Each structure stands twice: as structure tokens, then as C-alpha cells.
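**Q** Provide a 3D model corresponding to the input given below.
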Amino acid sequence: MDEPTSLIILRPLTADDAAVAYNWWRDQEVQELSSQSVFTGTQEEFDSFFHRTCVTDDPQRLTAGIVDRQSGRLIGVLVLRLSADGAEGEFGIKIGEKDYWGHGYGREATRAFLRQVFATTTVEVVYGLVDITNQRASRNLVRAGFRSVGRTPESGYEFVRLEIWRGELPRRLTDEAVPVKQVLLPQRIHRAGEALLRAETDVIVPPATDEATLLANIRGMHGLVVRTAKITAKVIKAGDSLQVIGRHGVGYDNIDVAAATRRGIPVVITPEAITESVAEHTVGFLLALAKRIGEADRELRRGNFGARLTHTGSELQGKTLGLIGLGRIGGRVAEICRAAFAMRLLAYDPYVAPQRAAELGVELAGDLEALLAAADFVSLHAPLTAETRGLIGARQLARMKRTAYLVNTARGGLVDEVALIEALRAGTIAGAALDVFAQEPPPADSPLWALDNVIVTPHMASHTQEGLRRMAVDVAEEVLRVLRGERPKWAVNPEVFRNSSGGTSGKGNKGNGGNRGRGKEDCGA
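**A** I've put the predicted structure just below:
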């Protein structure tokens with residue numbers, strides 16, 4: 001196969017607006033291009049390329065340069081000319097010895113043109129520039145798979161990018177007679193998961209994740225795969241063809257599950273994908289707190305080598321670990337801490353089966369207060385629900401030992417953050433490690449940043465290479481199961497399958513039994 005190339009398509013640029021657009025590409029986008037070896041020439045060569053191929057005084061003409069990714073040399077040219085009224089036009093593309101020409105305008109001409117471009121397997125990435133005010137054009141590009149990579153409001157342009165997967169023509173541009181289902185993907189996932197989705201569906205990537213953008217794109221979508229985007233009842237109601245919502249992770253508090261259930265739409269999660277990643281992150285927190293690594297790191301950076309004498313750590317060996325939630329992640333943390341550090345294990349989980357606790361070597365606490373009073377380390381592994389919101393407040397923190405530490409890799413809403421900050425300031429507890437927060441991202445002026453007895457990470461416990469791949473693959477497989485009419489493994493609202501009148505997605509399926517005996521599923525992503 002020839003060396004892959006990129007097709008850079010720019011909207012017609014007049015003398016007045018060329019400088020603004022050019023500066024954006026030079027200052028903002030060229031870094032992304034260079035990182036992929038798309039343009040590796042000098043600044044002068046880039047200037048020459050841009051003005052030679054992209055600037056025109058003809059508002060009806062679009063010219064593009066096709067650049068060799070390895071050498072940065074211009075190896076092809078694309079021209080698109082429209083009539084003054086936009087009713088018809090012609091296009092031409094030349095790559096090496098290949099020439100393609102066509103005539104027409106609108107959907108069919110666009111489809112024909114893109115077929116020709118994508119049929120050239122050496123073309124791998126398409127960049128474009130769109131008039132922000134042209135909502136119809138923007139919507140069509142989104143449905144064609146383009147995603148936004150930035151905008152210049154002062155010029156009215158939005159920059160878009162389209163990746164071509166394995167040189168294949170997107171299904172929406174083929175002449176296949178069989179209707180292909182469509183999946184909306186507001187935030188990109190690991191390529192392994194996307195490849196599974198793209199093999200059986202059209203994947204639509206909108207330019208943003210806000211409610212307005214989702215409402216503009218959800219109609220006609222059969223599946224929805226989300227990471228952190230908020231899926232409201234309004235978005236779900238607008239999904240006139242929606243059959244399944246897939247959550248890339250375990251926690252699903254960003255999805256209005258009740259609204260989905262009323263529509264008969266299953267919400268599926270990936271409970272097995274992140275267990276190891278989040279459990280290891282939790283254990284890392286435990287070690288960092290016990291050894292006071294965060295504090296020592298900061299002191300040494302301030303030039304205080306004497307901190308080795310004042311910042312004495314402790315061992316995990318033989319200490320008591322209190323687990324709030326004994327689902328997959330909580331259970332895995334218990335296994336690691338028992339085997340590695342011979343810690344005494346306590347757990348509070350009203351939903352866990354005593355047999356499971358016994359198998360893990362965990363003693364079940366009679367109530368939350370008893371666990372808090374006995375534990376040297378308290379680690380949260382519960383989902384965020386109406387029942388668990390604010391589970392750890394001022395009263396609970398006061399029950400903990402002054403030498404105890406709090407770890408939260410589940411959900412920020414489990415803890416009253418204001419009460420926690422006060423407890424840390426007052427020395428009510430020794431310290432805390434947080435991967436999640438009441439508000440995400442946290443405010444820049446959060447009092448947490450000024451506290452030396454706190455370790456923080458940006459909600460990344462599940463973000464290992466392995467964890468991200470497993471989440472992407474698992475959510476893709478779950479969504480595809482439902483779209484094929486099969487029963488998913490991890491629906492959080494299995495009642496939709498028991499009520500065939502509730503919607504088409506659950507027709508003929510049965511509940512899946514979920515996590516019986518495991519306790520309510522813990523979070524981490």
C-alpha cells in the first residue's frame with residue numbers, strides 16, 4: 001500500500017478572512033498535523049503551501065491540497081466549484097495519476113464525491129473548514145462522521161476532522177440496500193471499541209456534548225454510547241429511534257435511567273472492565289497516604305530535605321481497612337490488601353451476601369458507624385444514588401480516628417466535600433486521597449488545593465491503557481447485543497426486558513439477574 005496521506009479541505013478564503021484562518025491552522029492545528037507527520041516542512045514551505053492551494057478570491061471555489069504524510073509534499077489537488085446560486089457544481093480530484101471528476105450538487109453529489117475520495121485508500125484523514133452559521137452543512141458533516149477540532153468565532157469558521165477507518169467507505173456512503181443502524185458517540189472511545197461499532201453500525205460523532213448538540217443529533221439514532229456526557233430525560237425523549245444507551249464505565253449517575261426505563265430503553269454498563277484499574281489505584285492511594293508520599297514530595301520540591309525526619313510514615317501491614325461497598329472493585333481491593341499486607345478487612349454493604357464476604361476474608365460491620373470507628377483507612381466503593389448521596393458527612397467524619405485516612409475512588413457525591421475540607425483542616429482525620437469530586441472538574445480555587453494532607457487525581461482511576469480498552473470493547477459489545485435483539489449482560493434496568501409493552505428494545509428478552517450477592521455495583525469510572 002502507498003504511504004498514507006491526508007486530505008486537507010479548506011472552505012473558500014477571501015483576502016479579508018484568509019489571515020485569521022491561516023493563523024489558526026498555523027498556531028493551533030499544525031501541532032496535531034505535525035504529530036502525525038502530516039506536514040513536516042519548514043514554516044516557509046507551509047506558508048507557501050497554504051497560500052498556493054487554499055486562498056482564492058472566488059467565493060464559489062474550494063481548493064484543497066493533498067499532502068504526503070511522510071514528506072509533507074503536495075501530491076494531489078482537489079477543486080470544487082459551485083454555481084452562483086449553489087444549485088449545481090462540479091468537483092475534481094487528482095492524486096498522482098488518478099483523476100476523478102463529477103457534476104452536481106447536494107446530497108447525491110456529495111456522496112459521489114466522498115466515495116471517490118474514500119475509494120483512494122491512501123487518503124486517511126480529511127480536514128475541513130465550515131461556516132458556523134450554516135447549520136445544515138454542519139449537521140451533514142457531523143452525520144458524515146466529522147468531528148470539531150476547534151473554531152474561530154471572529155471569522156465564523158469551525159474546523160473539522162474525519163478519520164477514515166482502514167480505508168473503508170463509511171456505510172452511510174455506500175449503496176447497501178440493508179438499512180444500517182446508527183450509534184451516536186458524543187465522546188471518542190478506544191479504537192478497539194469503535195472498530196466493533198463501525199463494523200456493524202454507522203458511528204456519528206457530534207461536535208460537542210452539551211444538551212443542545214445532543215438534541216440536534218439524537219433523532220434517528222438507534223444507539224447512544226456515553227462517557228461523561230449528561231443524558232437528560234429531554235435527550236432521551238428526543239431519541240425517536242433509540243433502542244439502547246451504553247455507559248462507558250460503571251457509574252451511571254449522568255444518565256436519567258428512570259426516563260430511559262419509561263421508554264423501554266435498556267441502559268448498559270461495563271462493570272468488569274475497570275475492576276483491576278480502580279482497585280490498583282485505590283491501593284496506590286493507601287500506600288501514598290501511609291507513607292506520606294504526597295507531603296514528602298511537596299516538601300522536597302520546596303527544598304526541605306529535612307522532611308525525612310519530620311514526615312514519618314506508617315505500614316499497611318496489620319492495619320484495619322474499612323470498605324464501604326463490597327462489589328467487584330471493593331472485593332478486589334480486599335483481595336489485594338489481604339494477600340499483600342495481611343490487613344484486617346471490615347466492610348459495610350447492606351446488599352452483599354454474607355457468603356461472599358466470608359470468601360473474601362471480610363468481616364461485615366453491623367453498621368456504618370461501627371466501621372468508621374474501627375478503621376485505620378476507609379475506602380469508598382459504592383454507587384451514587386439518592387440513598388448514598390452525602391453518605392460521609394461531618395458526623396461520620398467525627399466518628400473516624402484522628403489517625404485515619406479517607407479514600408474515594410467511587411463518586412464525589414458520596415462525601416460532603418465542605419465537611420471533609422473542614423475535617424482535614426481541623427485534624428479530625430489525618431488525611432484523604434480523592435480521585436472524584438463534588439463538582440467535576442473542581443473549581444480552580446477549591447480549598448482542597450491548599451491542603452498538604454490531601455492527594456488528588458483527576459478522576460482517572462479507571463484510565464489505564466487496559467481499562468480504557470476493556471471499557472470500550474465491553475460497551476460496544478453490549479450495545480451491539482441489544483441492537484441485534486439479544487439480551488445484554490449488564491443492564492442496570494433489566495425491568496425493561498420483562499415488560500415488552502415498555503418499548504421495542506426489550507421485546508422478547510428477560511431480566512439478566514445482574515450482580516446477585518455481590519452488593520450494589522461499585523463505581524470508579
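**Q** For residue 295, grab the count of nearby residues.
**A** By other CB atoms under 10 Å, 20 other residues sit near residue 295. Just so you know, the C-beta spots here come from the backbone N, C-alpha and C atoms, and that holds for glycine as well.
**Q** Give me the three-state assignment for it.
**A** What DSSP: H, G, I helix; E, B strand; the rest coil gives for residue 295 is helix.
**Q** gap between residue 233 and residue 209?
**A** Noted for residue 233: a distance of 17 Å to residue 209, by CB to CB, to the nearest Å.
**Q** Please read the previous query as pertaining to residue 359.
**A** 41 Å.
**Q** before we move on, what about residue 344?
**A** Separation of residue 344 from residue 209 (CB to CB) stands at 44 Å.
**Q** Likewise for residue 354?
**A** Separation of residue 354 from residue 209 (CB to CB): 42 Å.
**Q** Look at the two and report which has more neighbours.
**A** residue 209 (15 against 10).
**Q** For the more buried one, which three-state class applies?
**A** Per three-state DSSP, residue 209 ends up coil.
**Q** Can you point out the buried residues in stretch 315-324?
**A** Going by neighbour count (16 or more other CB atoms under 10 Å), the buried part of stretch 315-324 is 316, 319, 320, 321, 322, 323, 324.
**Q** For these, name the two members farthest from one another.
**A** Using CB to CB, these span at most 18.0 Å, a distance reached by 316 and 324.
**Q** Residue 366 - how many residues pack around it?
**A** Residue 366 has 8 nearby residues by other CB under 10 Å.
**Q** Please read off the pLDDT at it from the model.
**A** In this model, residue 366 is scored at 90, pLDDT.
**Q** That one belongs to a helix, doesn't it?
**A** No - using three-state DSSP, the assignment for residue 366 is coil, not a helix.
**Q** Do me a favour and get the end-to-end distance for stretch 485-494?
**A** Distance between the two ends of stretch 485-494: 14 Å, counting by CA to CA, to the nearest Å.
**Q** Same question for stretch 317-325.
**A** 22 Å.
**Q** What's the mean pLDDT across it?
**A** Averaging pLDDT along stretch 317-325 gives 97.
**Q** how about stretch 392-401: buried residues?
**A** Neighbour-count burial for stretch 392-401, counted by 16+ other CB under 10 Å, picks out 392, 396, 397, 399, 400, 401.
**Q** so what does the host helix or strand of residue 322 touch, helix or strand wise?
**A** Secondary structure assignment for residue 322, by DSSP states H and E: strand 320-324. On a contact count with 3 or more CB pairs under 8 Å, 6 or more residues apart in numbering; DSSP states H and E, strand 320-324 meets helix 328-341, strand 344-348, helix 368-374, strand 377-380.
**Q** Now render the buried residues of stretch 392-401 as CSV, adding pLDDT and distance to residue 449.
**A** CSV is the format used below for those (pLDDT from 0 to 100; distance: CB to CB, whole Å):
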residue, pLDDT, distance to residue 449
392, 98, 20
396, 98, 24
397, 98, 20
399, 97, 27
400, 98, 23
401, 98, 25
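**Q** Out of the residues you listed, which comes closest to residue 308?
**A** Looking across the buried residues of stretch 392-401 and measuring by CB to CB, the closest to residue 308 is residue 401, at 25.3 Å.
**Q** Could you measure from that closest one over to residue 318?
**A** Applying CB to CB, the value for residue 401 to residue 318 is 15 Å.
**Q** Ok, residue 193 next?
**A** 42 Å.
**Q** List of residues touching the strand holding residue 322?
**A** The contact list for strand 320-324 (CB atoms under 8 Å, 6 or more residues apart in numbering) reads 286, 330, 333-334, 337, 343-349, 362, 365, 368, 371-372, 374-382, 391-392.
**Q** repeat that with 7 Å
**A** Outside strand 320-324, the residues that touch it by CB atoms under 7 Å, 6 or more residues apart in numbering are 330, 333-334, 337, 343-348, 371-372, 374-382.
**Q** what about the stretch 51-200 of the chain, any weak spots by pLDDT?
**A** Applying pLDDT under 70 to the stretch 51-200 of the chain flags residues 51-179.
**Q** how about a cut-off of 80?
**A** For the stretch 51-200 of the chain, the stretches flagged by pLDDT under 80 are 51-180.
**Q** tell me which residues of the longest helix belonging to the chain are tucked away?
**A** With secondary structure taken from DSSP state H, the chain has its longest helix at helix 465-483. For helix 465-483, a neighbour-count test (16+ other CB under 10 Å) marks 467-483 as buried.
**Q** Over to stretch 351-369?
**A** Going by neighbour count (16+ other CB under 10 Å), the buried part of stretch 351-369 is 352, 356, 357, 360, 362, 364, 365, 368.
**Q** Determine the set of other helices and strands touching the helix or strand hosting the second one.
**A** Read that as residue 356. Applying DSSP H and E as the criterion places residue 356 in helix 354-360. Helix 354-360 sits against helix 328-341, with contacts defined as 3 or more CB pairs under 7 Å, 6 or more residues apart in numbering; DSSP states H and E.
**Q** buried set for the helix it packs on?
**A** Residues 328, 329, 330, 331, 332, 333, 334, 335, 336, 337, 338, 341 are the ones in helix 328-341 that count as buried (16+ other CB under 10 Å).
**Q** ok, and the closest non-adjacent residue to the fourth one?
**A** Spelled out, it's residue 331. Excluding the flanking residues, the one nearest residue 331 by CB to CB, 6 or more residues apart in numbering is residue 360, at 5.6 Å.
**Q** Understood, closing this out.
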